[in-house]
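With the input below, show me the fold.
(one chain, ligands or ions: 1)
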Amino acid sequence: MAQTLKTPIAGLHHVTAISGPAQENLDFYTRVMQTRLIKQTVNFDAPEMYHLYYGAEDARPGSVLTFFNREERGQGQAGVGAALSFAYAVRPEALAEWQAQLGGEISERFGADVLSLRDPHGQAFELVADDSAGPWGEFHSVTLWVGDPEPTAEILKDVFGYAFAGEAREPGGRRLRYVLPGDAQGRVVDLWQADVAVRARPGPGTIHHVAFRARDEAHQSALRNALLDRGEKVTEVKDRQYFKAIYFREPGGVLFEIATDGPGFDVDEPMAQLGASLKLPPQYEPRRAEIEASLPPLVSESA
Ligand code: ZN
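Next up is the predicted model:
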């Protein structure tokens with residue numbers, strides 16, 4: 001029997017994508033997009049690869065964009081079973097400036113102007129004009145590409161607390177919008193159903209997973225139990241150094257994570273120095289020399 005949780009999820013926590021060469025990824029998101037490098041670490045499951053984190057100046061959950069940085073350029077393929085894009089909230093008056101700098105097309109979506117862009121490795125992302133946009137770097141939304149929206153929508157509504165907010169026909173498919181109650185940023189999830197379905201293939205230019213934000217560990221545990229009750233295959237709680245995380249593949253095929261705010265990105269370096277040096281979790285610290293030698297050198301803006 002489906003269980004409805006009383007406490008809705010607290011919005012987006014982070015989005016993790018796959019990039020090509022790390023230096024190009026770093027230059028784009030810090031110099032061009034003006035987000036802050038908030039953590040330099042490695043993929044905890046594959047430490048020969050960088051895992052770079054960008055976010056708002058204060059590294060708040062809901063602004064965190066991370067990349068598994070591959071050095072190869074082979075493209076992944078966006079498609080059914082993966083998130084298609086992420087979107088930043090921007091003040092409406094800033095949108096034209098961004099367009100002058102970055103190009104891209106502006107279209108209207110549910111009454112808001114949206115500038116559609118791609119990063120240097122092909123990742124689709126958007127800037128959404130929003131009067132309530134807060135500090136730069138906060139996400140407005142993510143778009144998930146699904147074959148059949150209904151099973152994904154059920155998780156969003158019945159477990160996470162989203163409500164259906166509208167449907168729009170767009171070139172190439174239809175978009176269904178789900179929104180959390182309240183007025184915080186990052187409370188929007190769009191489901192995209194394309195007229196011509198393509199299977200997602202992971203690689204540079206694709207999103208690996210979308211992480212939602214639990215209010216605390218008790219909330220995360222309640223969400224985990226609710227998902228298990230529905231027959232979802234949820235992992236145990238994993239220690240990701242900066243947060244606690246659980247993962248499951250939602251019925252539409254998209255890898256979802258539910259992460260806690262704590263302990264936070266300043267657990268291993270002071271807030272003022274976030275991202276300044278390579279941080280390794282304790283299990284890799286003994287291998288630091290070997291890991292550093294395997295990673296390409298990185299020049300960050302502050303260096
Ligand atoms: Zn994650």
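
contacts, neighbours, all on C-alpha from now
Fine.

what's the nearest residue to Gly11 if we skip its chain neighbours?
Arg187 (4.7 Å; C-alpha to C-alpha, 6 or more residues apart in numbering).

Return the distance of the one you found relative to Tyr53.
Distance of Arg187 to Tyr53, computed by C-alpha to C-alpha, to the nearest Å: 21 Å.

How about Pro149?
For Pro149 relative to Tyr53 (C-alpha to C-alpha), the value is 30 Å.

in the chain, which spans are helices?
22-26, 95-102, 149-154, 217-229, 288-294 (DSSP state H).

CSV please, covering those and showing mean neighbour count, mean pLDDT and distance to Arg249.
Converted to CSV, the helices of the chain look like this (neighbours: other C-alpha atoms under 10 Å; pLDDT from 0 to 100; distance: least, C-alpha to C-alpha, whole Å):
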stretch, mean neighbour count, mean pLDDT, distance to Arg249
helix 22-26, 20, 97, 27
helix 95-102, 14, 97, 34
helix 149-154, 17, 98, 10
helix 217-229, 17, 97, 11
helix 288-294, 13, 96, 30
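
Which among these is found nearest to Ser63?
helix 22-26 (16.0 Å; C-alpha to C-alpha).

CA atoms only: put that closest one into CSV for me.
Below are the C-alpha coordinates for helix 22-26, written out as CSV (Å, rounded to 0.1, in the frame of the first residue of the first chain):
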residue,chain,number,x,y,z
ALA,A,22,38.3,18.9,-16.1
GLN,A,23,40.1,22.2,-16.8
GLU,A,24,37.6,23.2,-19.5
ASN,A,25,34.7,22.3,-17.1
LEU,A,26,36.3,24.4,-14.4
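
So Arg187 and Tyr53 - more neighbours on which side?
Comparing Arg187 with Tyr53 by other C-alpha atoms under 10 Å, the one with more neighbours is Tyr53, at 27 against 22.

quick one, what contacts that one?
Listed by C-alpha atoms under 8 Å, 6 or more residues apart in numbering, the contact partners of Tyr53 are 37-40, 64-67, 275.

Of those, select the buried ones using a ChimeraX command.
Command for ChimeraX, covering only those of the contacts of Tyr53 found buried under the criterion 16 or more other C-alpha atoms under 10 Å:
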select :37,38,39,40,64,65,66,67,275
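
Now render the contacts of Tyr53 as JSON lines, adding pLDDT and distance to Ala83.
Listed next are these as JSON lines, based on pLDDT from 0 to 100; distance: C-alpha to C-alpha, whole Å:
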{"residue": "Leu37", "pLDDT": "98", "distance to Ala83": "23"}
{"residue": "Ile38", "pLDDT": "98", "distance to Ala83": "23"}
{"residue": "Lys39", "pLDDT": "98", "distance to Ala83": "23"}
{"residue": "Gln40", "pLDDT": "97", "distance to Ala83": "24"}
{"residue": "Val64", "pLDDT": "98", "distance to Ala83": "15"}
{"residue": "Leu65", "pLDDT": "98", "distance to Ala83": "13"}
{"residue": "Thr66", "pLDDT": "98", "distance to Ala83": "14"}
{"residue": "Phe67", "pLDDT": "98", "distance to Ala83": "14"}
{"residue": "Gly275", "pLDDT": "96", "distance to Ala83": "26"}
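
re earlier: quick one, which of the helices of the chain gets closest to Ala245.
So among those, helix 217-229 is nearest, using C-alpha to C-alpha, at 8.3 Å.

Now do Gly134, the pLDDT please.
Predicted confidence (pLDDT) at Gly134: the value is 93.

Over to the one 10 residues further on?
Confidence at Leu144, expressed as pLDDT, is 98.

Test my guess that it contacts Ala82.
Yes - with contact defined as C-alpha atoms under 8 Å, Leu144 counts as touching Ala82 (6.1 Å).

Need the overlap of contacts for these two.
Val254.

Tell me who's in contact with the residue nearest to Gly11.
Shown in contact with Arg187 (C-alpha under 8 Å, 6+ apart): 10-12, 140-141, 179-181.

Next one: Gly147 from Glu290, what distance?
Gly147 sits 43 Å away from Glu290, going by C-alpha to C-alpha.

Okay, now the unreliable bits of this structure?
Filtered on pLDDT under 70, the chain yields the residue ranges 1-5, 301-303.

try it again with 80
Regions of the chain meeting the criterion pLDDT under 80 cover residues 1-6, 301-303.

quick revisit: now the buried members of the contacts of Arg187.
10-12, 140-141, 179-180.
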